[in-house]
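Visitor: next one to model:
(2 chains)
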There are 2 protein chains.
Amino acid sequence: MPDLRPLLSPDSVAIIGAAADSSLRGRLTQQLVEHGFDGRIYPVTRSQTEVLGHKAYAAVGDIPEAADLAIILVPAAYVVSTIEQCAARGIPAAIVISSGFAEEKSEEAAARDQALRAIAKRTGMVIAGPNSEGLVNPLRPLVATFSPVFHDPNEPLLPQNSRAKPIAVSCQSGALTFAFLSRGRDRQLRFTYQISAGNQTVLEAHDYLDWVLDAGGADIFMGYLEGIRDTQRFRAVAEKAARMGKPMILAKVGRSDAGRRAAASHTGSLARAGMADDAIFRHHGIIRGEDLDHMVDVASAFAYCPLPRGNRVAVITGSGGSAVWMADILSAHGLELPVIEENLQRRIMALLPSYASAQNPIDATAQAIGEVGYAPMVELVAQSERIDTILLISSLANPERAKKLAAELAGITASLDKPILLSTYTTATPASIAAIAGAGIPCYTSMPSCARAIKALVDYGRFREKLARRKPAEATAPALRDEVTLALAAAGPVLTEAASKKLLARYGVPLPPEALATSEDEAIAAASRIGSAVALKVQSPDILHKTEAGAVMLGLSGDGAVREGYRTVLARAKAAYPNAAIDGVLVQAMAKRGREMILGVTRDPDFGPMLMVGLGGIHVEVLKDVAFAPVPLGAEDALDLIGQLKGAALLDAVRGERAADRDALTRLMVALSRFAADHADAIAEIDLNPVIVHAAGEGLTIVDALIVKR
Amino acid sequence: MPDLRPLLSPDSVAIIGAAADSSLRGRLTQQLVEHGFDGRIYPVTRSQTEVLGHKAYAAVGDIPEAADLAIILVPAAYVVSTIEQCAARGIPAAIVISSGFAEEKSEEAAARDQALRAIAKRTGMVIAGPNSEGLVNPLRPLVATFSPVFHDPNEPLLPQNSRAKPIAVSCQSGALTFAFLSRGRDRQLRFTYQISAGNQTVLEAHDYLDWVLDAGGADIFMGYLEGIRDTQRFRAVAEKAARMGKPMILAKVGRSDAGRRAAASHTGSLARAGMADDAIFRHHGIIRGEDLDHMVDVASAFAYCPLPRGNRVAVITGSGGSAVWMADILSAHGLELPVIEENLQRRIMALLPSYASAQNPIDATAQAIGEVGYAPMVELVAQSERIDTILLISSLANPERAKKLAAELAGITASLDKPILLSTYTTATPASIAAIAGAGIPCYTSMPSCARAIKALVDYGRFREKLARRKPAEATAPALRDEVTLALAAAGPVLTEAASKKLLARYGVPLPPEALATSEDEAIAAASRIGSAVALKVQSPDILHKTEAGAVMLGLSGDGAVREGYRTVLARAKAAYPNAAIDGVLVQAMAKRGREMILGVTRDPDFGPMLMVGLGGIHVEVLKDVAFAPVPLGAEDALDLIGQLKGAALLDAVRGERAADRDALTRLMVALSRFAADHADAIAEIDLNPVIVHAAGEGLTIVDALIVKR
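Guide: Got it, this is the predicted structure:
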């Protein structure tokens, strides 16, 4: 991993294209100087000898030292030559503010992109951008951006005395990079590294994150991504963050046609957000950012709260209506509001009038909350064994009362090992929100936002538990792996059902009673061994759609029928595909009844092979009820994946049927996913369709299988 | 409808239990006086002779006139006698602030509720509350509440010179009633009537709304409801508002167990929010409030914007990242972002640098937006035939620039017949938001909130179009209606399939080829007339589950089989239910193939009969894929209802099947719904299950039917 210290925490900065006017170049230069960067500043410009009190240089070669960081402000056409000069001068890091690269669809722009990558590779220079709005590290303080968010040098870059855990931000959008700071200011959030990553032509979000994970200085990561190029490294860094317990909150856009069109013209990214992103994010516990507020709301919860032990929330309020509404909203988010212990209810009711309620929600009523305050109730509720998180719903309309409330609660929160959050039904002044934050309590002005934030804490806590249990995927014996690799290499572009199953069986995928017959007599012998009605299916790598070609017959019993069937399917196959190479006819027991499912492996253009599971028939074909996960996959994750299906309940004991054999299904998913992971480079697609899952304990039958090579 | 003028716009007010201290009573008295009510004020209290400069009276009987409104602040135990005194004094309206009624589960409290209703009924007095936080009418100005939102008498109750349409609020929560005002202040929203409706023991939200619809003074209605008692009047008022084009934005809580528990202890409401509410709201175009912000966001859009002609949105911005993200979010809300006309693109690009984009989103880039501004682009986009709504995404971080932007746009918006909204990716000062509102543009600090608001405008526009097309339900001929009423009255509690179908057929519900046979020979004759395989089903009002009793046989062909079957089903029925009265055996053609569906009528405890439609089998039993609508229902609404099913696509031409006969299905829904509406009082439940819907043009077969009386 490259050293990003010169980029993110430089001791000296060259501003190439520096200015003192009102242009973007001028604003960046000015903000850097006015925010009081503690290192050395070297403006590079031909048009002036001094810029804002700093001696200016006509060329990079003229500056008196190899500065840590070059900030590139020159027009796109000059960027490559400038970077070359920086490299020649020994400057190890650059951030390219200039636009006119991948976001501009021209050959010149593409050539510039290539050149940037080539220089980075050749020289080891670390390059942020291009098309970046700059970066900010308040710990120096380094304000290397023209963003208007920093127009006032008197506005502090970090809150004073905040209890909040520090946050790093990297976005493929300048405006959004610095929007988090302004949105988090009232809640006293501490944004340390803020990087406008631009087009991510060289460095990507995970590069910044990786370095910060090692160097320290941030415990929470937020980002906005239009594309990910090095998906393997992205996943490795995400895994590293997850193991360290540092939550990542990432927006990934490009879910809609209009969004993809816009991304292409914004950073040149081939945005392709969809099922694979969701699956990858879920696998690594990445919280998917829905919008700016959602991300700041969730980050606020992580910044102030410990992880809750479960999903049980107590609501304490003086507004009965808010309590009712919030109870609905929390429930809709999968959070529970258990009635608290009776002795605690009694002790709370002792403080309240008869028309109050202490079950949960605890509705103290408007009058009593003014007299009693929240603190005595929080102290009682904190003792409940049934509660994991405490949520106060209050009015912060009056700033003086907000400060009093904060003072009351500050002592309690410091020692409380449960999350405590506050939702206000009125608007609140920044000072009120800051006061509450000062007591270590994140404040929400929207009820659903608060519910989503609690849900994120609960989910992340559960993810961390799951992660601790997650075992490394079972390793395939090298000999077996090599054997299958060779077999795949030797095969044609499409493997027949029989050939596919034979390979999959080497990984423990169960086969139904079946045999490949190359003569009528062999078919009869096979059917006789099977001992029940059979299906006959012509096997040819040239015939992908056997049924449509008439090359399949079902439910045949008796020697005569099998012989006749053998002739028929072969004849039909030859009629439909006169030149097809035919391996033989698969003689297969008719499957017992069960739930029809579909399993497969598809190849995501970004993330590679993904396991797919779905309910069969109409569920997959019309209702698109399928779920995806990266490979390989453990049994617990496989079970989770099944649970993501909308129709998962169909696998339970329903309509007089016994429950389906989920164990057998998860075993199959684990085996198939390991196969796909081991042979990711060779495989474009695997389809097991249908898979009939029988009742619990009775396994499953893979009725058909197909492997398509890349 | 009672006259609410004395309640909502009184000329004189008696404050019964007036005080000048810091209690809630004192705060209400003080706020009423300090906000400068323009009518006469009569404090009633035994403990003082003067309250805040107003002569006090020892008893209601002593005040010198029959005041328009009595504000009741005495303890619960004295409320009824006080109200009686008010009635005796000739006071026509009261608002009961006191708590201790339905929300307190005691016999005394229940008796007080009864007494309030009795007085209202006997005297015609209009009574708001109890358990109310008061009401506010800034047009007087009347501030009859202790809500701390009004603690500062210098804070204006209405914005100056706002272009916003006025809004009325009624909530079953005091805190929420007045929370809208504080949330809407920055956006210059004009809240005229604000009523904390308390327990709604006498007057309900729709009563206030109905009066305001007649009296004028509000064009948008917002409310928070825990329960609705008079659902028929609620629906009538909702319909009236819809016809007048005045949107209602209502939250209805009680969807969760915890929410219902909380509502019971808050206002004593039996909250039962669920499918019926959703169906009723949808039918009347009521916008379901999801949370405070959602409601204020949507209200802001209605307050400032005309209804758009369609769902096509243009985005104009300087932040490319925001544009991409917003494109995704708009798309996820069902809004479209069409590429605009090429000539307009060219004219826009003439203003912008090469790395900008003018397709839609129109990403001017950060630099150019600062130079060019939004106005020239808005003027060009407004000319597009492909765009119904214009959305600006901007930074309002700098208040001076916000004011400049507002000034630039004010002229354009005044003449624009398309909605124009603004979303800011930074935070914004109240002054900035107010400036934008002053230009007639609602401002959003959250992207999804903005998308939801646009969606609400689009949906309401579509609803209004549908409403204009919606015809009054076809009236049943009185003779037919009476005939069925009598037949239902004469029937036992459960009607057999044959009896149910016979009655439904009178309303045009199609019957399959079938006949009731009371002898073997009749059964054979019927089967012969039908001419294909038949089912035999014993008909008995005492046997609800025919199949489970073995009283059904399927697929019988030929005289011998029919005769044998007749004997068998009767014998089995008698064995299972020896005392059952048996009407005969239904001889029914076996249904042709088709999609299995379920139709029914269920009775919602609040809203009465609701039509239900669902996909049959697993879809209804396991996946609960059903949709509901109030009865009666027109053909277009019936089609919409089918479209609400998650599996609606299964009725299209899929998996090699022809599309299902949606026309026949909607005809059945219309007929069944008219039946249910005509006989609402007599019917508890109707089940048509299964209904086999054949291919388009081939109708449907009602395989089984059941009517259960109330």
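
Visitor: so what's A:Arg667 up against?
Guide: By C-beta atoms under 8 Å, 6 or more residues apart in numbering or on different chains, the contact set of A:Arg667 is A:508, A:635. Any C-beta I mention is one placed from the backbone N, CA and C, and that applies to glycine too.

Visitor: then A:Gly321?
Guide: B:171-176, B:224, B:226, B:253, B:266.

Visitor: most distant residue from the centre of chain A?
Guide: Distance to the chain centre peaks in chain A at A:Gly560, reaching 57.7 Å (criterion: C-alpha atoms, centre = their mean).

Visitor: buried set for whatever helix or strand that residue lives in?
Guide: Secondary structure assignment for A:Gly560, by DSSP states H and E: helix A:559-576. When neighbours are counted by 16 or more other C-beta atoms under 10 Å in any protein chain shown, the buried residues of helix A:559-576 are found to be A:561-563, A:565-566, A:568-570, A:572-574, A:576.

Visitor: picking that back up, against chain B, how distant is the residue farthest from the centre of chain A?
Guide: A:Gly560 sits 29 Å away from chain B, going by C-beta to the nearest C-beta, to the nearest Å.

Visitor: give me the pLDDT value at that residue.
Guide: As predicted, A:Gly560 sits at a pLDDT of 94.

Visitor: that one: what's it in contact with?
Guide: For A:Gly560, the contact set (C-beta under 8 Å, 6+ apart) is empty.

Visitor: and stretch A:516-527, average pLDDT?
Guide: The average pLDDT within stretch A:516-527 is 95.

Visitor: what comes up buried for that stretch?
Guide: For stretch A:516-527, burial by neighbour count (16+ other C-beta under 10 Å) applies to A:516-517, A:520, A:522-527.

Visitor: from the residues you listed, which land in strands?
Guide: In this view, the buried residues of stretch A:516-527 that belong to strands under DSSP state E are A:516-517.

Visitor: near chain B too, which of the buried residues of stretch A:516-527?
Guide: With C-beta under 8 Å from any C-beta of the partner chain as the criterion, those include none near chain B.

Visitor: so which of the buried residues of stretch A:516-527 comes closest to A:Ile220?
Guide: For those, the closest approach to A:Ile220 (C-beta to C-beta) belongs to A:Leu516, at 56.9 Å.

Visitor: if I look at the closest one, how far off is A:Leu706?
Guide: According to C-beta to C-beta, to the nearest Å, A:Leu516 stands 15 Å off from A:Leu706.

Visitor: ok, A:Ile63 next?
Guide: From A:Ile63 across to A:Leu706, the span is 63 Å (C-beta to C-beta).

Visitor: looking at those two, which is more packed in?
Guide: Shown here are A:Ile63 and A:Leu706; by other C-beta atoms under 10 Å in any protein chain shown, A:Ile63 has more neighbours (23 against 19).

Visitor: so A:Asp11 is in contact with A:Gly39, correct?
Guide: Yes - contact criterion C-beta atoms under 8 Å: A:Asp11 and A:Gly39 qualify, at 4.4 Å.

Visitor: which stretches of chain A have low pLDDT?
Guide: Scanning chain A for pLDDT under 70 picks out A:270-273.

Visitor: show me what from the stretch 501-650 of chain A comes close to chain B.
Guide: Within the stretch 501-650 of chain A, the positions near chain B by C-beta under 8 Å from any C-beta are A:617-618, A:621-623, A:646-647, A:649-650.

Visitor: again, 6 Å this time
Guide: Within the stretch 501-650 of chain A, the positions near chain B by C-beta under 6 Å from any C-beta of the partner chain are A:618, A:622-623, A:647, A:649-650.

Visitor: between those, which sits nearest A:Thr45?
Guide: Nearest to A:Thr45 among these, with distances taken as C-beta to C-beta, is A:Leu623, at 62.5 Å.

Visitor: so who does the closest one touch?
Guide: Contacts for A:Leu623 (C-beta atoms under 6 Å, 6 or more residues apart in numbering or on different chains) come out as B:Gly647.

Visitor: okay, it and A:Ile598: tell me how far apart.
Guide: Counting by C-beta to C-beta, the gap from A:Leu623 to A:Ile598 is 12 Å.

Visitor: do the same with A:Val494
Guide: In terms of C-beta to C-beta, A:Val494 sits 18 Å off from A:Ile598.

Visitor: what does A:Leu396 give?
Guide: 52 Å.

Visitor: also A:Ile387?
Guide: 43 Å.

Visitor: could you list which of the residues of the stretch 501-650 of chain A next to chain B belong to helices?
Guide: A:Ile618 (DSSP state H).

Visitor: and the furthest pair within the residues of the stretch 501-650 of chain A next to chain B?
Guide: Those two in these that are separated most widely, counting by C-beta to C-beta, are A:Val622 and A:Ala649, at 18.1 Å.

Visitor: quick one: the helices in the stretch 201-350 of chain A?
Guide: A:205-215, A:231-244, A:257-266, A:275-283, A:292-304, A:320-332, A:342-349 (DSSP state H, counting those that start in this stretch).

Visitor: among these, which is nearest B:Ile95?
Guide: Relative to B:Ile95, the nearest member of the helices of the stretch 201-350 of chain A by C-beta to C-beta is helix A:320-332, separated by 17.2 Å.

Visitor: okay, the angle between the closest one and helix B:257-266?
Guide: Angle, helix A:320-332 to helix B:257-266, by axes from the mean of the first three to the mean of the last three C-alpha atoms, to 10 degrees: 170 degrees.

Visitor: any idea how far A:Leu28 is from A:Ile71?
Guide: Distance from A:Ile71 to A:Leu28, by C-beta to C-beta: 7 Å.

Visitor: mind checking which of these two has more residues around it?
Guide: It is A:Ile71, of A:Ile71 and A:Leu28, that has more neighbours when counted by other C-beta under 10 Å, with 31 against 25.

Visitor: just the strands in the stretch 551-700 of chain A please.
Guide: Using DSSP state E, counting those that start in this stretch, the strands found in the stretch 551-700 of chain A span residues A:552-556, A:584-589, A:595-604, A:608-615, A:626-630, A:683-693, A:700-702.

Visitor: would you mind giving those strands as JSON lines with mean neighbour count added?
Guide: Below are those laid out as JSON lines (neighbours: other C-beta atoms under 10 Å in any protein chain shown):
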{"stretch": "strand A:552-556", "mean neighbour count": "18"}
{"stretch": "strand A:584-589", "mean neighbour count": "25"}
{"stretch": "strand A:595-604", "mean neighbour count": "22"}
{"stretch": "strand A:608-615", "mean neighbour count": "24"}
{"stretch": "strand A:626-630", "mean neighbour count": "23"}
{"stretch": "strand A:683-693", "mean neighbour count": "21"}
{"stretch": "strand A:700-702", "mean neighbour count": "24"}
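
Visitor: with distance to B:Gly90 added, can I get those in a markdown table?
Guide: Listed next are these as a markdown table, based on distance: least, C-beta to C-beta, whole Å:
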| stretch | distance to B:Gly90 |
| --- | --- |
| strand A:552-556 | 88 |
| strand A:584-589 | 91 |
| strand A:595-604 | 74 |
| strand A:608-615 | 70 |
| strand A:626-630 | 70 |
| strand A:683-693 | 77 |
| strand A:700-702 | 82 |
